[in-house]
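Peer 1: structure for this input, please:
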Amino acid sequence: MNPTSPPRKQQIPVIVLAGFLGSGKTTLLNHLLRNRAGNRIGVIVNDFGSIEIDAMTVSGQVGSTVSLGNGCLCCAVDASELDTFLETLTGPAARLDVIVIEASGLAEPLELLRMILASENPHIVYGGLVEVVDAAEFDATRDRHPEVDRHLAVADLVVLNKTDRIGSEEQTRIRDVIAAAGAPGGAAAVIGAAYGRIDPQLLFDPALRPDGEEKVRQLTFEDLLRDRSEEEEGGDGHEHHLHAAYDSVSFTADVPMNPRRLMEFLDSRPQGLYRIKGFVDFGVGDRANKYVLHAVGRFLRFDPQPWKRDEPRRTQLVLIGSGIAPDALHKELADCRESAAPCPDATQDAAHERSMWGVLRYVQQPDRPGDA
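Peer 2: Residues are numbered from 1 along each chain as shown. Next up, the predicted model:
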């Protein structure tokens with residue numbers, strides 16, 4: 001690690017939000033800003049017109065960066081400035097937890113995806129490509145923009161928006177079209193929505209610290225907007241309805257996971273499985289480290305981190321998706337556990353180290369000072 005850079009506990013996920021005009025993409029973006037689960041979000045857009053700056057209050061402006069008054073920031077950039085602004089937004093002064101890039105007017109989603117994956121910024125990690133689709137105008141959009149199928153093929157999550165305007169049979173038909181457009185063996189997860197309202201936990205985790213980092217804080221505009229929204233919707237368990245749109249599976253194992261079997265599971269992830277998060281104990285494969293697992297769509301990364309003293313050695317994973325089979329996934333993960341305690345044998349240890357090769361392919365190698 002560069003000694004001049006303060007250590008960061010975890011990388012900041014960068015989410016690309018795409019969708020054609022009228023899909024409800026900016027409505028979804030503003031929904032995330034109002035329901036951010038305590039996270040500080042950095043938003044990168046082509047122009048400020050897509051963000052409800054008046055509703056969020058502008059507390060200051062420096063260059064082309066606007067503070068939204070709730071710990072969030074918004075930058076208006078063009079594609080050539082993307083790396084520069086990612087560097088700014090991931091600096092310690094920004095204190096952000098999530099970055100969302102709105103693709104429209106900035107660059108093709110696939111190009112943005114490549115730029116993020118090729119970025120040398122050590123503080124970011126790919127957070128997924130989310131394509132927002134207008135369910136009511138799906139066929140008309142495909143006629144006007146044939147490239148929509150190309151977007152669907154590379155998307156990790158498709159938000160089928162405005163489902164309140166179509167019937168269940170039409171929803172099924174559109175989902176079949178989206179599945180057919182997906183990459184072979186890796187079609188995107190699809191989730192229905194109305195008015196761009198999805199559960200933010202589909203995209204990012206709740207912040208671990210309270211907003212403002214104090215026990216008592218002032219009422220923010222986010223609180224006011226959420227209260228107003230709940231009043232308009234009648235306070236009928238809106239958050240519960242959003243969560244019901246997807247499935248989650250929690251898995252815990254107190255015995256180590258077999259690296260080869262787990263990689264076979266990860267290499268054959270079922271359609272509809274969008275995110276996997278947590279950490280893995282590989283036992284004798286690497287006694288010193290637990291492996292933080294981050295998977296979004298087809299993207300996969302492991303981050304080895306030393307076990308803390310007295311920390312229980314176990315695996316804990318959460319899987320999130322739409323249309324998945326929770327019980328079957330839980331059983332598949334259970335089958336990845338080591339079936340017998342390892343023998344203290346040098347030959348066995350070497351075999352376990354070789355079994356870790358598949359895992360290590362997905363570990364980002366840090367630059368070493370002095371490397372040519």
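
Peer 1: let me see the ranges of the strands in this protein.
Peer 2: 12-18, 41-45, 60-62, 65-67, 73-76, 98-102, 124-134, 157-161, 189-192, 247-253, 273-280, 289-296, 299-306, 315-321 (DSSP state E).

Peer 1: can you put the ones you listed in a markdown table and add mean pLDDT?
Peer 2: Converted to a markdown table, those look like this (pLDDT from 0 to 100):
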| stretch | mean pLDDT |
| --- | --- |
| strand 12-18 | 93 |
| strand 41-45 | 83 |
| strand 60-62 | 33 |
| strand 65-67 | 53 |
| strand 73-76 | 63 |
| strand 98-102 | 88 |
| strand 124-134 | 94 |
| strand 157-161 | 95 |
| strand 189-192 | 93 |
| strand 247-253 | 93 |
| strand 273-280 | 94 |
| strand 289-296 | 96 |
| strand 299-306 | 95 |
| strand 315-321 | 94 |
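
Peer 1: between these, which one is closest to residue 264.
Peer 2: strand 299-306 (12.9 Å; CB to CB). Just so you know, the C-beta spots here come from the backbone N, C-alpha and C atoms, and that holds for glycine as well.

Peer 1: tabulate the CA atom coordinates of that closest one in CSV.
Peer 2: Provided in CSV are the C-alpha atoms of strand 299-306 (Å, rounded to 0.1, in the frame of the first residue of the first chain):
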residue,chain,number,x,y,z
PHE,A,299,-18.0,-10.2,-11.6
LEU,A,300,-16.1,-11.9,-8.8
ARG,A,301,-13.4,-10.8,-6.4
PHE,A,302,-11.8,-12.2,-3.3
ASP,A,303,-9.9,-10.0,-0.8
PRO,A,304,-7.7,-11.9,1.7
GLN,A,305,-7.8,-10.2,5.2
PRO,A,306,-6.0,-11.4,8.3
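
Peer 1: so what's residue 101 up against?
Peer 2: Counting by CB atoms under 8 Å, 6 or more residues apart in numbering, residue 101 touches 14, 15, 16, 17, 43, 44, 45, 82, 112, 116.

Peer 1: that older thread, and of the strands of the chain, who's closest to residue 89?
Peer 2: By CB to CB (comparing all of the strands of the chain), the closest turns out to be strand 41-45, at 4.1 Å.

Peer 1: the closest one: partners in the sheet, and parallel or antiparallel?
Peer 2: Strand 41-45 pairs in its sheet with strand 73-76 (parallel), strand 98-102 (parallel), by DSSP bridges.

Peer 1: and that strand with strand 12-18, angle?
Peer 2: Strand 41-45 runs at 40 degrees relative to strand 12-18, counting by axes from the mean of the first three to the mean of the last three CA atoms, to 10 degrees.
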